[in-house]
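Asker: Got a predicted structure here, sequence first:
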Amino acid sequence: MKIAVFNNCNGRSGVARALYEFMRMLSQRGHKLDLFMFSNSPDKFFSVDSFVINKYIFEIESYKPIDYNLNILVVIFNFLRKIFFL
């Protein structure tokens, strides 16, 4: 059976280990695995290259945190608090 696997794990974790073992067992049973992953997903800890037929990597930009202006949030929070909790 052909199975598509999407890997969005962040590296060393229990999820990455479980996915590794899951893919290893499926490939041992004769299933054909295709791996889909993002370019920023590390795969150096549990390499599954020997288990997959095709590996598709989708290029994405790295995460950029949003710069919030906390003063505006405090003003909005105080305004809402005055409205709802007179």
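Answerer: In hand now; what should we look at?
Asker: Phi first, then psi, for L80.
Answerer: Torsion angles at L80 (phi, psi; degrees, to the nearest 10) stand at phi -70, psi -40.
Asker: ugh, wrong one, N8
Answerer: According to degrees, to the nearest 10, N8 has phi -120, psi 30.
Asker: is it true that it touches M37?
Answerer: Yes. If you go by C-beta atoms under 8 Å, N8 and M37 touch, sitting 7.1 Å apart. For glycine as for every other residue, the C-beta is placed from the backbone atoms N, C-alpha and C.
Asker: quick one: which of those two has more around it?
Answerer: M37 (18 against 11; other C-beta atoms under 10 Å).
Asker: which residues does that one contact?
Answerer: By C-beta atoms under 8 Å, 6 or more residues apart in numbering, the residues touching M37 are F6, N7, N8, D43, K55, Y56, I57, F58.
Asker: Out of those, who's the most crowded?
Answerer: Going by other C-beta under 10 Å, N7 tops the contacts of M37 with 21 neighbours.
Asker: hang on, that one packs against S41?
Answerer: Yes. The pair N7 / S41 is scored as a contact, 5.8 Å apart, by C-beta under 8 Å.
Asker: chain center to stretch 21-41: distance?
Answerer: 15 Å (C-alpha atoms, centre = their mean, to the nearest Å).
Asker: how about that stretch: buried residues?
Answerer: M23, L26, S27, L33, L35, F36, M37, S41 (16 or more other C-beta atoms under 10 Å).
Asker: For the closest residue to the third one other than its chain neighbours, give me the pLDDT.
Answerer: Residue nearest to S27 in three dimensions, not counting chain neighbours: F51, with 4.0 Å by C-beta to C-beta, 6 or more residues apart in numbering. Note for F51: predicted pLDDT of 88.
Asker: I appreciate the help and will end here.
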